[in-house]
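Engineer: here's my sequence, what's the structure:
(one chain, ligands or ions: 1)
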Amino acid sequence: METNINLTFDEMWDKIIACDHTYDGQFYTAVKTTKIYCRPSCKSRKPKKINVDFYDDIHMVELAGFRACKRCQPEVEHSPHTQLIKNVTAFLIKEYKQQLTLQDIANNVGISPFYLERLFKQETAETPRSYLEKIRIDKAIHLLKSTDWTMLAICYDIGFQSPSNFYKVFRRMNNCSPTEYRNLHK
Ligand SMILES: [Zn+2]
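Structural biologist: Have a look, this model is predicted:
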């Protein structure tokens with residue numbers, strides 16, 4: 001199953017293993033053996049990789065005959081603002097390589113930067129900036145594990161302007177440098 005989001009099968013697999021809520025609403029995990037579908041952050045026992053399909057559209061996954069998981073309730077929208085937040089995160093996942101200001105993100109969803117920041121924080125407990133950093137560092141981890149690219153190449157590919165900022169943010173999120181991370185996971 002092909003999805004339209006900017007993530008490979010293995011990247012999506014890593015997110016569900018980590019129960020990462022960052023990508024909730026962006027894709028769904030459909031388990032072929034149980035015919036159940038979940039949010040990426042679902043805490044239920046993980047299926048075998050071979051039994052998983054990913055969908056980026058909840059209507060498609062339901063049309064394919066999957067039922068919503070009772071535990072993570074992927075079909076339930078928790079707030080009237082959810083669609084707007086989904087649009088913001090979808091934009092960030094798609095455009096993370098670009099230099100994005102808060103104004104760029106706000107323009108994309110058609111609200112003011114001030115309102116965007118406040119609403120986003122209220123709904124996700126994060127800022128659009130910290131969300132974008134999370135997406136970039138997830139991409140860095142994927143590239144560290146799956147390529148031999150230099151740190152500098154990775155830094156610029158994922159949208160950081162300077163290696164020092166890349167190193168700082170990476171260390172804050174992973175408690176080690178990108179090089180240390182690669183050595184540990186290769
Ligand atoms: Zn679930």
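
Engineer: count of residues packed around I85?
Structural biologist: 22 (other Cβ atoms under 10 Å). C-beta coordinates here come from the backbone N, C-alpha and C atoms, glycine included.

Engineer: S79 now?
Structural biologist: S79 has 11 neighbours, counted by other Cβ under 10 Å.

Engineer: list the contacts of it.
Structural biologist: Listed by Cβ atoms under 8 Å, 6 or more residues apart in numbering, the contact set of S79 reads I85, E123.

Engineer: and for K15?
Structural biologist: L7, T22, Y23, P40, D138.

Engineer: same check on I16?
Structural biologist: Applying Cβ under 8 Å, 6+ apart, the residues contacting I16 are T29, C38, P40, C42, K46, V52.

Engineer: any of the residues you listed buried? List them.
Structural biologist: T29, C38, P40, C42, V52 (16 or more other Cβ atoms under 10 Å).

Engineer: quick one: the residue nearest the centre of the chain from the ion, how far?
Structural biologist: For the chain, the residue nearest the mean C-alpha position is Y23 (3.8 Å; Cα atoms, centre = their mean). In this view, Y23 and the ion are 14 Å apart by Cβ to the ion, to the nearest Å.

Engineer: what sits closest to that residue if chain neighbours are left out?
Structural biologist: P40 (4.6 Å; Cβ to Cβ, 6 or more residues apart in numbering).
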